[in-house]
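Asker: Give me coordinates for this.
(chains A and B)
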Amino acid sequence: MPLDTSAYSLALLRVDGRRWNELRRIHAQIRTQAAADGSSYLEMGHTKVMCVVNGPSEPGPRRGGVATGGGGGGGGGQSKNAEVAVNIVIAGFSSVDRKRRGRGDKQVFELQSTISQALAASLHTHLFPHSTINISLHVLSQDGSLLAALINAATLACVDAGIPMTDYVAACTAGSTSTYAANDEGADPLLDMNHQEEQELPGLTVATLGDSDRVAVLVCESRVQVSRLEGMLAVGVDGCKQVREILDRVVREKGIKMIQEGTVERGVGLNDMELD
Amino acid sequence: MASSQHVLLSPAELAYLHASLSLTPPIRPDGRSPTQFRPLVAETGILPGTNGSARICFADGTEAIVGVKAEVERTRTRHDFPSLDEGAEGDDDDLEDNQHDVVKGDNDWVEMTVEIPGYRDDDAGTVFLSAMLSEALLADGEFTKRLWINRRFHWKLYLDILLISPPLSYPLPLLSLTTHLALLATRLPRLKSEGDEDPLFDDDWAAAAYLYPRPAAKKGSKKTTSFATPTARPPVTLLVMAVGNNIIFDPSKEELAVADVALAVSVGESSNPSSSTAMDIETEETKGHHNLRILSVRTIDPPSRLTPPGIPNASNSAYGANAAGAKDTEKKKQQQEQARTAESEAVEGVWKAPRGGAKPLVLAALVQKVLEKGGVADEVLDALDGVDLN
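Answerer: As a prediction, this is how the structure comes out:
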C-alpha cells in the first residue's frame, strides 16, 4: 500500500495521527507465565511479542533436534561466561498476509544474533560460567519496530528472571519523513515507526543502555542521507529514554504488587519505597 | 518434541509412583482424582489480526496460543467434474437446487503447524503432534465442508499452534484444547456474491459468520446464557493412560513416566437430528449429554519404556550378605541365575519398565471410559462451553 508521504507536510501528522516525536502505546506485563524463570508480554502499537527466559542453567545435552538459534553473544558451554541463546518464533498469523518463515530464515537469524549480543553485553554473564540463558521470543502480531519490541520484551523477561544486569536495554526506532535528498530542510525525523512507514521511509533501530546515551544496538537496513542520520539517531536515543521509563514503571508496579500480595518479602532498603 | 522426555526419577521413585498409582483409588502426586483435569485459564479472541485465536494456560504453567488465518483459494478443477459451461448451458435453477450435494471438502484445505520452542519444526515428535491434531479434525470429512465457498473457490485455513512455555508435560491435551477454542472462535467474512461468481465478501466484521455456527438466541429466555452453545464442535484430543487396573486422565510428566499404556483419544460430537429437535428444551437439561463419538485413537509410546530398571536386593552384589562373601564361584553362579530370573519376573517394589504392547481389553476399557456419559470428555466440553467466545 503506497503511503502518501506528501500528506505529512500539510498537517505534520503521520498516517496514524501521531506527531513526529510521539511513541505508540506501549503496554507491557512481566511474569506472565508461571513455568518459566522469567517472562514478559509487550505491545508496541500493534506489534505484540512474548518472551520466556529459562536459565541461567547448565546447558542440556545437545541433541540434534535442539536449535540454539543465534548463540552469538557470550561464549559456549565451556567458557567463563554464560551463553545467551535466543530463539525467535515468528507466528504464521502475525502479519496481515500469512507468511511462513522457515527455520533457516536469514532475517530471523540476524534478529537472534543482534538480541543475543546486545543482552550478553548488558547481563553479567561472567557470574554464570558454563551455563546457558535461554531466551525464546514469540511474535504474535507485527506492525513495525519488531526488533525494538523484541529487545524490550527480552530485557523485561531478564529482569523478571532475576539475572543481574547493568541496566535496561531499551530500544526504539526512528525514521525520516523524506526519502530524497532535495527535500533536506523539510525532512523531519520520526519516532517509533509502524509497518506502513517502515515500508516507505528510511529508518533505524537503536537501543541504549539505561539512562545513558550509550548505544547498545544500532541497526539501519535502508538507504538514508548521511546528513539525516544524526537527527534520526538523536530522536531515537530520546525515544529509548522514554521507553526505559515505561519499562521501569512496569517492573516497579509489578514489584509493589508482589510485595503487597506477600509473594516476596519486603527486602532491606525498600522501606523508603512508596507502596500505595 | 517426543513423549519420551527425560524424567529424572530413580528406579525406586518410579516403583513408588507406580505402586501409588495402581492403588484403588489411585493416589496421584498432585492429589487429583483419576478423572480430574488440571485447572486451566482460557481466553479467546486475543489477536485481532486473525480469524480466530485462543490462549490456554494450565496450572502447571504450560501455555499455548493458537491463531487461525483463512485465505480464499481457487479450487483445483477436476477432470471428472462436469465443466461450468455445461452446467450453465442447462438450467440454472436446477444447479441452485443441487448445490447442497455439490459441497465437498478436501483435506488440503487445512494446514496445521506446531511450533515448540527449542525443537525443529521437522522434529519427529512435532510432526507426530500436528498429524494427530489434524487427523482428528479431518477424520469425519465434515470439517472441510465448512470451508466450501462455491464450486470454484474455497477457504484455505491455516492453523498455527504455538507452545509458549517449555514443554513440561506432553503438550497434546493443551494444544488440542487450545485449537478447539480457537476454531470455535473462528469467524469468516459473510459472503455477498452468489453462486459460482468470484467471491465477494461483506467487509463488516460484525456480520462475519462463525465457522461453527451457534443457534440463534432464543427470544423468550434472555437470562440463560450470554453466549450460545454451538451446535457442532471441533474435536478434542484427550490423553489417557493406564497403570495397573487404573485409568488416569491428563497425566503429568511424572505420571506418564510410569504408564503401562498411553493413548491419545480424539472425541467429537456428532450432530444428530434428535438433538436439534430437542433444541427448545432448556440448555441445562442437555448439558452433560453430549453425543460423543470416537474420531481417532493413537497409542503413544510412553517414556516408561526407556526408564532404567531397578535391581532387587537379592541380586545386588553391593548389598547385605552378597557384598561380604561373594567370592566363591558357586555363589556367583547362583547369583547370576537369580539375576536372570529377576530380569524376567516382576519383584514387588522393584521398578521394571513395562514391555509389550497394550492389551486389547485395556484399550477397550480406556476408550469406554472416555465415551462414558457424564465422563471426562463431557466434563471438558462443558467446561469449554463456559469460555466466552468473542
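
Asker: Report the residue spans of the stretch 251-390 of chain B with pLDDT below the cut-off.
Answerer: B:271-289, B:320-346, B:390 (pLDDT under 70).

Asker: Find the closest residue to chain A in it.
Answerer: Proximity of the stretch 251-390 of chain B to chain A (C-beta to the nearest C-beta) peaks at B:Lys253, 11.6 Å away. C-beta: built from backbone N, CA, C; applies to glycine.

Asker: Quick check: that residue touching B:Leu239?
Answerer: No. Taking contacts as C-beta atoms under 8 Å, B:Lys253 lies outside contact range of B:Leu239: 11.3 Å.

Asker: In space, what's closest to whichever residue of chain A sits closest to chain B - neighbours in sequence excluded?
Answerer: Closest residue of chain A to chain B, C-beta to the nearest C-beta: A:Ala35 (2.5 Å). What sits nearest to A:Ala35 in space, not counting adjacent residues and going by C-beta to C-beta, 6 or more residues apart in numbering or on different chains, is B:Gly61, at 2.5 Å.

Asker: thought the one you found was touching A:Asp37?
Answerer: No. Under the criterion of C-beta under 8 Å, B:Gly61 makes no contact with A:Asp37, lying 10.9 Å away.

Asker: Which of those two has more residues huddled nearby?
Answerer: Comparing B:Gly61 with A:Asp37 by other C-beta atoms under 10 Å in any protein chain shown, the one with more neighbours is A:Asp37, at 20 against 16.

Asker: Name all residues that make contact with the residue nearest to the more buried one when sequence neighbours are not counted.
Answerer: In this structure, A:Asp37 finds its nearest non-sequential neighbour in A:Ala161, 4.3 Å apart by C-beta to C-beta, 6+ apart. Applying C-beta atoms under 8 Å, 6 or more residues apart in numbering or on different chains to A:Ala161 gives the contacts A:36-38, A:53-55, A:133.

Asker: let's see 10 Å
Answerer: By C-beta atoms under 10 Å, 6 or more residues apart in numbering or on different chains, the contact set of A:Ala161 is A:30-31, A:36-40, A:51-56, A:123, A:133, A:135.

Asker: just those residues now: which is nearest B:Ile27?
Answerer: Comparing these against B:Ile27 with C-beta to C-beta places A:Ala36 closest, at 29.1 Å.

Asker: ok, now which ones touch the closest one?
Answerer: Residues in contact with A:Ala36 (C-beta under 10 Å, 6+ apart) are A:51-55, A:134, A:136, A:157, A:160-161, B:61, B:63, B:164-166, B:168.

Asker: Within the helices and strands, which one has the residue of chain A closest to chain B?
Answerer: Using DSSP states H and E, A:Ala35 sits within no helix or strand.

Asker: Chain A contacts on the stretch 101-250 of chain B?
Answerer: Proximity of the stretch 101-250 of chain B to chain A is confined to B:111, B:113, B:115-126, B:156, B:158-169, B:182 under the rule C-beta under 10 Å from any C-beta of the partner chain.

Asker: ranges for the strands of chain A?
Answerer: Remark: strands assigned in chain A by DSSP state E are A:26-30, A:38-44, A:47-57, A:83-90, A:132-141, A:169-176, A:189-191, A:203-209, A:215-220.

Asker: How about chain B?
Answerer: Using DSSP E, strands in chain B cover B:40-44, B:52-58, B:63-74, B:110-115, B:153-163, B:187-188, B:209-210, B:236-243, B:246-249, B:261-269, B:292-300.

Asker: Just give the nearest non-adjacent residue to B:Gly141, would you?
Answerer: Closest to B:Gly141 by C-beta to C-beta, 6+ apart is B:Gly105, at 6.5 Å.

Asker: what about the one you found, neighbour count?
Answerer: If you count neighbours by other C-beta under 10 Å, B:Gly105 ends up with 18.

Asker: separation between it and B:Lys145?
Answerer: 5 Å (C-beta to C-beta, to the nearest Å).

Asker: anything in contact with each of these two?
Answerer: Joint contacts of B:Gly105 and B:Lys145 (C-beta under 10 Å, 6+ apart) are B:His154.

Asker: re the thing from before, who touches both of B:Gly61 and A:Asp37?
Answerer: Shared contacts of B:Gly61 and A:Asp37, counting by C-beta under 10 Å, 6+ apart, come down to B:Pro166.

Asker: what pairs with the closest residue in space to B:Val380 that isn't next to it in sequence across the strands?
Answerer: Nearest non-adjacent residue to B:Val380, counting by C-beta to C-beta, 6+ apart: B:Val236, 6.0 Å away. B:Val236 has these beta-bridge partners by DSSP bridges: B:Val267.
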